[in-house]
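J.: Dropping the sequence and predicted coords here.
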Amino acid sequence: MSEPTRYQTGPVELPLRLDPEPTPVVGCPYCTELARVRSWARAGGDVTTVSDCNVFLRRHPEGHG
């Protein structure tokens, strides 16, 4: 069994992601709704929902063959 670390370790550095926001696919109601919710969230200062919508938009195009 290993001994636990008894000293403070440095912070973990994560890469900065500067990808552009995903754009909705024209004619897809799911993409349109996500873009609408994202703009409402941005207007209300809800950056968590903006980020969530971006993630869903990035993952959704799998069905847009």
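T.: Arrived safely.

J.: quick one, longest helix in this protein?
T.: Secondary structure of the chain per DSSP state H: the longest helix is helix 29-43.

J.: In terms of secondary structure, what does that helix contact?
T.: On a contact count with 3 or more C-beta pairs under 8 Å, 6 or more residues apart in numbering; DSSP states H and E, helix 29-43 meets helix 47-59. For glycine as for every other residue, the C-beta is placed from the backbone atoms N, C-alpha and C.

J.: Which of the residues in the longest helix of the chain are classified as buried?
T.: Neighbour-count burial for helix 29-43 flags 31, 34-35, 37-38, 41 (criterion: 16 or more other C-beta atoms under 10 Å).

J.: Quick one: low-confidence residue ranges for the protein.
T.: Counting by pLDDT under 70, the chain has low-confidence residues at 1, 5, 61-65.

J.: related to what we said a few turns ago, tell me the two of the buried residues of helix 29-43 that are most distant?
T.: In the buried residues of helix 29-43, two members sit farther apart than any others by C-beta to C-beta. They are Cys31 and Ala41, at 15.5 Å.

J.: thought Ala35 was touching Leu57?
T.: Yes. Shown here, Ala35 and Leu57 form a contact pair, counting by C-beta atoms under 8 Å, at 7.3 Å.

J.: Measure how far the longest helix of the chain is from the centre of its chain, please.
T.: 13 Å (C-alpha atoms, centre = their mean, to the nearest Å).

J.: contacts for it?
T.: By C-beta atoms under 8 Å, 6 or more residues apart in numbering, the list of residues contacting helix 29-43 from outside reads 23-25, 47-50, 53-54, 56-57, 60.

J.: Which of those residues sits closest to Arg6?
T.: Distances from Arg6 to the contacts of helix 29-43, taken by C-beta to C-beta, are shortest for Thr48, at 35.7 Å.

J.: Could you report the distance from the closest one to Pro11?
T.: 22 Å (C-beta to C-beta, to the nearest Å).

J.: Likewise for Cys53?
T.: The value you get for Cys53 to Pro11, if C-beta to C-beta is used, is 29 Å.

J.: got it, and Leu57?
T.: From Leu57 to Pro11 the distance is 30 Å (C-beta to C-beta).

J.: Cool, thanks, signing off.
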